[in-house]
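**Q** just the structure for this:
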Amino acid sequence: MRILYQFPLSLFCEKARWLLDHKELDYIAQNLAPGLHRIMIHYRTGQYQLPVLKDGNNWIADSSQIALYLDSKYPELTLIRKEPDLRESILSIDSLTQELGIHVRRWLFHYILQNNNKAALDIIIGEKGMMRDFEKVSIPAMKMAIKKFHNINDTSVQESKSRLDQLTADLNQTLIENGGRYLVGERLTLADIAVCSMLAPVLMIVGTPWEMTNPDNISEEVLSLQQALLALPLGQYVQRIYETERNARVDWRGV
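**A** Prediction:
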């Protein structure tokens, strides 16, 4: 059985889940405890980041590398077009989303920590395990670790917001130039999955880890960005793609 090692709240893990779901492949979404995950993941892959896919004897780290592996191993329902110009465009957009995800993550984590958003923090520590058993200690420690690991401070958050605005404007223009339905070509590709996964937390898409049912927990800054994004074709596109093409086969909450 394929195993996707993940953090449920991670943008890049959502991307990896979607890649597997698009391929209609069976897998288990296996949660790991933040921090403790580094031991096993480094032993198996030589790096520390999730997601990591275990497929038989193969261990693949990084969501973009997982996409390349899946297209090579399971060529049906391709993620990356073979035509050179389309392939180049898809990989270029996917590369851009690596930066987009970093800025979305830093900017949103700033407000999650600032507002002490319990719903998000509960997802991070999980429903069971050591972090849940000792949550009075683990939550403050986790908040400090998140702030340090993602370099969250007033200056970096402002810089991330500025870059986030520029990246979404560029992607919005790319979408318009391609006719408004998909980012590249005439069907769903890695480019769409990558962009939608990175922006879903801002839009708090229903059925995702970032769905927010209580607006009192949402800061004015986040609501403002959400409304600005929804006013663009790009924001409307992300909502539409999630509604029509995010056919999840596995619960994002994992096991």
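
**Q** what's the end-to-end length of stretch 226-238?
**A** 12 Å (Cα to Cα, to the nearest Å).

**Q** helix or strand for S72, which one?
**A** Assigned by DSSP states H and E, S72 belongs to helix 63-73.

**Q** where do the strands sit along the chain?
**A** Using DSSP state E, the strands of the chain run over 2-6, 27-31, 52-55, 58-61.

**Q** mind listing the strands the second one pairs with, and their directions?
**A** Looking at strand 27-31 with DSSP bridges, its paired strands and their directions are strand 2-6 (parallel).

**Q** ok, the last one next?
**A** The partner list of strand 58-61 in its sheet, established with DSSP bridges, is strand 52-55 (antiparallel).

**Q** so the longest helix along the chain versus helix 63-73, what angle?
**A** Across the chain, the longest stretch assigned as helix under DSSP state H is helix 84-114. Interaxial angle of helix 84-114 relative to helix 63-73 (axes from the mean of the first three to the mean of the last three Cα atoms, to 10 degrees): 140 degrees.

**Q** from the contact counts, what lies against helix 84-114?
**A** helix 11-22, helix 63-73, helix 135-149, helix 154-177, helix 190-203, helix 220-230 (3 or more Cβ pairs under 8 Å, 6 or more residues apart in numbering; DSSP states H and E). Placement of C-beta: from N, CA and C, glycine included.

**Q** got the contact list for R163?
**A** Residues in contact with R163 (Cβ atoms under 8 Å, 6 or more residues apart in numbering) are 99, 103.

**Q** oops, could you answer that again for A120 instead?
**A** 9, 112.

**Q** and for I3?
**A** 27-28, 30, 53-54.

**Q** just the closest of those to V184, please.
**A** L53 (23.6 Å; Cβ to Cβ).

**Q** so what's the closest one bridging to?
**A** For L53, the beta-bridge partners under DSSP bridges are L4, I60.

**Q** confidence score at it?
**A** Here the pLDDT value assigned to L53 is 98.

**Q** what's the distance between it and L91?
**A** Distance, L53 to L91, using Cβ to Cβ, to the nearest Å: 19 Å.
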